[in-house]
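Peer 1: Structure for this input, please:
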Amino acid sequence: MHSSHPTFIVGIGGSAGGLVAYKALLDALPPDTGMAFVIVSHFAPAANSQLAELLSRRTTMPVAVASMEMSVRANRVYVCPPNNDLRVENQAFKLVSPRTRNKQIDIFLSSLAEDMGTRAIGIILSGYRADGTDGCRRIKAKGGMTFAQDGSAEVSDMSLSAQASGCVDFVLPPDKIADELRKLARMPVHDGP
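Peer 2: Model prediction:
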């Protein structure tokens, strides 16, 4: 299972206040869900490059900075590299540089919806503006599942924008999002409608 394809790919978007939420989510996640977790953040390039190292202290899952053509594997955490847009295609990463300012989460979640369909999951955590809302719409349109952080978000703009779109399945604190992912991991996976 360690190097297999994931049952679901979970795209996690955040900005200001996101680090606290990422840590809370990883603290509550078991290391063997069969899912892959991809974090796309608006941090400044220098801070973003340290994100993988910081998060590796919160989980026993391997944490890596995504690179071009890297295959997405189950039970791993990936971090978008600094100053790049990240996409997934055939369960492998594609990088585009320089990044599109304040749209990186939408770009990743939209590619995730196309690549994984019903096995795409989008999570919008703390952050400013509305990045992630369009990506959540696309995931819902393809039959995937979406989450937004509740009032526990330090900065609620991104979460509230996603909620206002009507395309969010669950509004929860990060540790409760982990609980729902754990339940989902135990269910049989069905592709298609």
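
Peer 1: what's the spacing between Lys140 and Thr146?
Peer 2: 6 Å (Cβ to Cβ, to the nearest Å). Just so you know, the C-beta spots here come from the backbone N, C-alpha and C atoms, and that holds for glycine as well.

Peer 1: Asp179 now?
Peer 2: Separation of Asp179 from Thr146 (Cβ to Cβ): 16 Å.

Peer 1: re earlier: now the common contact residues for Lys140 and Thr146.
Peer 2: Common neighbours of Lys140 and Thr146 (criterion: Cβ atoms under 8 Å, 6 or more residues apart in numbering): Cys167, Asp169.

Peer 1: Comparing the two, which shows the higher neighbour count?
Peer 2: For Lys140 versus Thr146, neighbours defined as other Cβ atoms under 10 Å are more numerous around Thr146 (27 against 19).

Peer 1: for the more buried one, helix, strand, or coil?
Peer 2: strand (DSSP: H, G, I helix; E, B strand; the rest coil).

Peer 1: Provide a list of residues in contact with it.
Peer 2: The contact partners of Thr146, by Cβ under 8 Å, 6+ apart, come to Ile121, Gly122, Ile123, Ile124, Cys136, Ile139, Lys140, Ala162, Cys167, Val168, Asp169, Phe170.

Peer 1: ok, so of these, who is nearest Ser110?
Peer 2: Minimum distance to Ser110 across those is 8.3 Å, recorded for Ile139 (Cβ to Cβ).

Peer 1: The closest one against Glu114, yeah?
Peer 2: No. With contact defined as Cβ atoms under 8 Å, Ile139 does not reach Glu114; the gap is 9.8 Å.

Peer 1: Give me the more crowded residue out of the two.
Peer 2: Shown here are Ile139 and Glu114; by other Cβ under 10 Å, Ile139 has more neighbours (26 against 15).

Peer 1: Now do Leu86 against Thr7, distance only.
Peer 2: For Leu86, the distance to Thr7 (Cβ to Cβ) stands at 20 Å.

Peer 1: more crowded one of the two?
Peer 2: Leu86 (26 against 18).

Peer 1: now Ala113, nearest residue through space, not along the chain?
Peer 2: Nearest residue to Ala113, sequence neighbours excluded (Cβ to Cβ, 6 or more residues apart in numbering): Arg138, at 4.0 Å.
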